[in-house]
Structure formats: structure tokens, C-alpha cells
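Peer 1: could you look at this predicted model? Sequence included:
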Amino acid sequence: MPLRIDTEQDFDIEDLQYDIEDSRETGRWTDAPPEIKELFHEIEWNIIDGEHQDTVGLIQPALDAEVTARTLIAGPMATGIAEVGRRFKMDEYFLPEVMMSAKCMHAALAILKPLIIAEKTEEIGTVVVGTVQGDLHDIGKKIVAMMLEAAGFTVIDLGVTVPPEDFIAAIREHRPQIVGFSALLTTTMNMQWETLKLIKAEGLRQDVKVFVGGAPISQAWCDKIGADAYAADALIAVDKAKACLNEFVSWKGGDPALHAAMLAMDAEREAQKLAQAEAAVG
Ligand code: B12
């Protein structure tokens with residue numbers, strides 16, 4: 001039986017500011033057995049410290065203890081890399097440290113990817129994803145691609161710094177139902193818009209549903225550029241992608257009704273979360 005550990009709970013990034021001793025004292029993952037909680041703290045701290053071999057060495061014991069690949073990604077890996085981002089922003093870390101932590105993430109994802117993809121039981125559609133031109137960040141995009149694959153999509157990953165023309169060529173070649181742009185820099189998010197403009201200019205807008213994501217991306221940005229859906233994380237991306245192929249299949253890319261339906265899914269999710277929180281309080 002896979003272990004159920006709550007990774008949805010918002011965490012306070014301050015918990016990771018000092019050392020592993022401090023983070024052990026926090027209220028995170030208190031629903032996990034003590035040895036798993038300890039493993040999680042060690043994984044996040046090895047990512048923060050950029051120790052890729054030690055990170056990899058901790059993944060298998062966690063899997064052996066019935067922790068799922070998804071829990072590891074959404075749990076200690078997410079918190080570890082988030083703290084790296086905070087340190088970078090505060091000038092406590094520079095590029096070399098961030099690159100070492102990114103190596104930890106890639107090494108762990110390489111182990112977890114086959115386990116996630118093994119969940120695929122059906123073939124439901126095709127998605128083309130890529131990180132837009134000028135942007136080298138791909139950890140989040142890889143997670144999104146993996147989760148889509150597990151959900152039954154064939155995913156064509158165009159890699160990083162993908163020029164708009166390459167997205168067009170891939171749409172023509174693979175005929176995906178969905179195309180997803182990732183951007184992690186405020187300086188490259190505009191390339192999502194440029195790529196979308198080229199999709200329109202090439203007469204392909206109705207053929208594909210356009211998804212956007214990445215740390216600086218928001219629903220407001222999605223609305224502004226006229227993309228169909230924004231997803232803050234991989235699970236939301238999967239939910240929306242599946243809905244596009246099931247409930248909203250008749251709506252074409254760029255249809256305002258599709259955009260509204262995607263927004264309604266967010267509202268429904270928020271309402272459910274609120275109801276769950278209220279039920280938990282009693
Ligand atoms: C790791 C990292 C790097 C690594 C990237 C390695 C790699 N292969 O990806 C390296 C060291 C190469 C790097 C380089 C740089 N980085 Co950097 N980096 C980060 C860091 C710390 C983590 C990013 C990450 O992987 N997060 C974890 C993943 C899981 O989260 P995510 O990417 O957000 O993805 C999730 C969602 O956004 C969503 N999603 C993502 N993509 C998509 C796509 C679709 C279609 C959908 C639907 C959803 C979706 O789902 C994902 C999973 O849940 C961030 C900090 C941060 N807070 O984001 C800075 C950050 C993004 N980097 C930053 C900067 C400034 C840079 C550099 C310019 C630094 C420099 N001076 O050279 C360079 C730029 C290089 C380039 N041209 O791209 C800044 C950007 C600031 C800004 N305003 O733009 C950040 C925010 C750090 C900071 N706080 O200042 N970086």
C-alpha cells in the first residue's frame with residue numbers, strides 16, 4: 001500500500017532558512033512515520049546543499065518504504081528547490097550553487113520518471129511542450145511532461161530555448177490537441193506571447209489548445225495573451241488537459257467558452273479545498 005502523506009499543505013519557506021535541525025522541528029509531514037519524515041528532511045537538505053549523489057542515494061530507500069514518486073516530487077524535492085530559489089533571490093546563493101541543486105533535481109527525476117510513466121494505461125492524445133526561446137529552465141516542464149504522459153498523453157518535448165518556428169513545425173508534424181509553453185524568467189515570458197502570435201499568424205490557433213506555465217506566469221498573463229489555460233502545477237495541468245480532451249473537446253483553441261471553462265475548473269477546485277478545510281476544522 002503506498003503511503004499517503006500530505007504534500008498539499010502550504011509550507012513556510014522560513015522553515016528551511018537555517019539548518020536541517022530547525023526544519024526537523026517544524027510541523028511539516030507530521031502525518032508521515034518518523035523515519036519517512038526524517039528521510040524527507042534529508043532529501044530536501046541534500047537538494048539545498050547540492051549533493052546530487054546523496055540525493056540519489058535517498059530516493060530508493062524512500063521508494064522501498066512505499067513512498068510514491070509523486071509524493072517525493074511534490075514533497076521534499078519541491079520544498080528543497082523552493083529554498084534554493086529563495087537563497088538565490090536573496091543573494092545567499094549564486095549560479096554555481098543553483099546549478100548543483102538543479103543537478104540533484106534532474107538526477108532524482110531520472111530515477112522517478114520510469115515509475116511515473118509506468119502509470120500510463122491508455123492513449124488519450126498528444127501534447128507538445130517546450131521551454132520558450134531564451135529560457136533554459138526545464139525542471140518544472142519535465143515534471144509536467146511526465147505527469148501528462150502518466151495520464152495517457154503522448155508528449156513531444158521540444159526541450160529548452162525553443163524558437164516559435166520550432167513550435168509551429170512540431171504542431172504541423174505531430175498534430176497535438178494541446179501545446180504547452182514553459183517560461184521561468186520575466187524576460188522570456190513574452191516569448192509565450194510571441195509564439196502564440198505566430199501560431200495565430202500561421203492559421204493554427206483553432207487546431208490547438210494553448211497552455212502556459214512557469215513561476216512568473218499567472219492567470220492574468222494567460223488572459224492577457226489569450227492562451228486557453230494556465231496551470232500553477234503539474235496536477236492542475238493534467239486535470240485541464242484531460243478536460244480539454246473529454247468535456248471540452250468540441251471547443252476549439254482560442255474559444256472564449258473554453259477559456260471560461262478552464263477558469264471554472266479553478267473556481268471549483270478552490271471551493272473544494274475550502275470545503276475540505278472547513279470539514280477538517282469541524
Ligand atoms: C533551478 C534554477 C535555475 C537552473 C535551471 C536548471 C534547469 N535545467 O532547469 C539554472 C542554474 C540553469 C538557472 C539559470 C538562470 N536563472 Co534560474 N532558477 C532556478 C530556480 C532556483 C528553480 C526553478 C525550478 O526548477 N523550480 C522547480 C519547478 C518544479 O517549478 P516550476 O519550474 O515553477 O514548475 C512548476 C510550475 O511552474 C508549472 N509549470 C512549469 N512549466 C510549465 C509549463 C506548462 C505548459 C504548464 C501548464 C505548467 C508549467 O508546473 C511545474 C511543476 O509543478 C528558480 C527559482 C524559482 N522560484 O523558480 C530560479 C529563477 C527562475 N532563475 C532566475 C534567474 C535570474 C536565472 C538566470 C538569469 C541567472 C543568471 N544570472 O544567469 C539564469 C537564466 C538562464 C536562462 N537563460 O534560462 C530567477 C528569475 C527571476 C526573474 N524575474 O525572471 C529565479 C526566479 C530565481 C530568483 N528568485 O531570482 N536557474
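Peer 2: Yep, that arrived.

Peer 1: contact residues of the stretch 51-200 of the chain facing the ligand?
Peer 2: Counting by CB under 6 Å from any ligand atom, the residues of the stretch 51-200 of the chain lying close to the ligand are 81, 84-85, 88-89, 95, 98-99, 102, 129, 134-141, 143-144, 180-182, 184-187. Where you see a C-beta, it was placed from the backbone N, CA and C, and this is true even at glycine.

Peer 1: ChimeraX command for the buried members of these?
Peer 2: The command below creates a ChimeraX selection of those among those that count as buried (16 or more other CB atoms under 10 Å):
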select :81,84,98,102,129,135,137,138,139,140,141,143,144,180,181,182,184,185
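
Peer 1: and the protein, what are its domain boundaries?
Peer 2: Domain assignment of the chain by automatic domain parsing yields the ranges 13-117, 125-269.

Peer 1: quick one, helices of the stretch 51-200 of the chain?
Peer 2: Under the criterion DSSP state H, counting those that start in this stretch, the stretch 51-200 of the chain contains helices at 52-64, 69-72, 78-89, 95-117, 139-150, 164-174, 189-201.

Peer 1: can you tell me which strand in the chain is longest?
Peer 2: Looking across the chain with DSSP state E, the single longest strand is strand 125-131.

Peer 1: now do the buried residues in it.
Peer 2: For strand 125-131, the neighbour count (16+ other CB under 10 Å) marks G125, T126, V127, V128, V129, G130, T131 as buried.

Peer 1: hmm, the last one is touching K141, no?
Peer 2: Looking back up the chat, that one is T131. Yes: the pair T131 / K141 is scored as a contact, 5.4 Å apart, by CB atoms under 8 Å.

Peer 1: touching both of these two, which residues are there?
Peer 2: Common neighbours of T131 and K141, using CB atoms under 8 Å, 6 or more residues apart in numbering, are S182, G214.

Peer 1: helices and strands around the top helix by length along the chain, which ones?
Peer 2: Secondary structure of the chain per DSSP state H: the longest helix is helix 256-281. Packing partners of helix 256-281 (3 or more CB pairs under 8 Å, 6 or more residues apart in numbering; DSSP states H and E): helix 219-225, strand 229-230, helix 234-245.

Peer 1: sheet partners, orientation included, of the shortest one?
Peer 2: It stands for strand 229-230. Using DSSP bridges, strand 229-230 pairs in its sheet with strand 209-213 (parallel).

Peer 1: and the angle for the strand it pairs with with helix 234-245?
Peer 2: Interaxial angle of strand 209-213 relative to helix 234-245 (axes from the mean of the first three to the mean of the last three CA atoms, to 10 degrees): 170 degrees.

Peer 1: strand 209-213 and the ligand in contact?
Peer 2: Yes: residues of strand 209-213 contacting the ligand under CB under 6 Å from any ligand atom: F211, V212, G213.

Peer 1: what residues are up against the closest residue to A65 other than its chain neighbours?
Peer 2: Nearest residue to A65 in three dimensions, chain neighbours excluded: I36, at 5.9 Å (CB to CB, 6 or more residues apart in numbering). Listed by CB under 8 Å, 6+ apart, the contact set of I36 reads L3, I5, W29, A62, A65, V67.

Peer 1: pretty sure the second one is in a strand, no?
Peer 2: Same thing as I5. No: according to DSSP: H, G, I helix; E, B strand; the rest coil, I5 belongs to no strand; its state is coil.

Peer 1: can you check the pLDDT for the closest residue to it other than its chain neighbours?
Peer 2: Once flanking residues are discounted, I5 sits nearest to A32: 4.6 Å by CB to CB, 6+ apart. pLDDT, A32: 90.

Peer 1: what is the neighbour count of A32?
Peer 2: When neighbours are counted by other CB atoms under 10 Å, A32 registers 21.

Peer 1: that one: helix or strand, and which one exactly?
Peer 2: Counting by DSSP states H and E, no helix or strand carries A32.

Peer 1: good, wrapping up.
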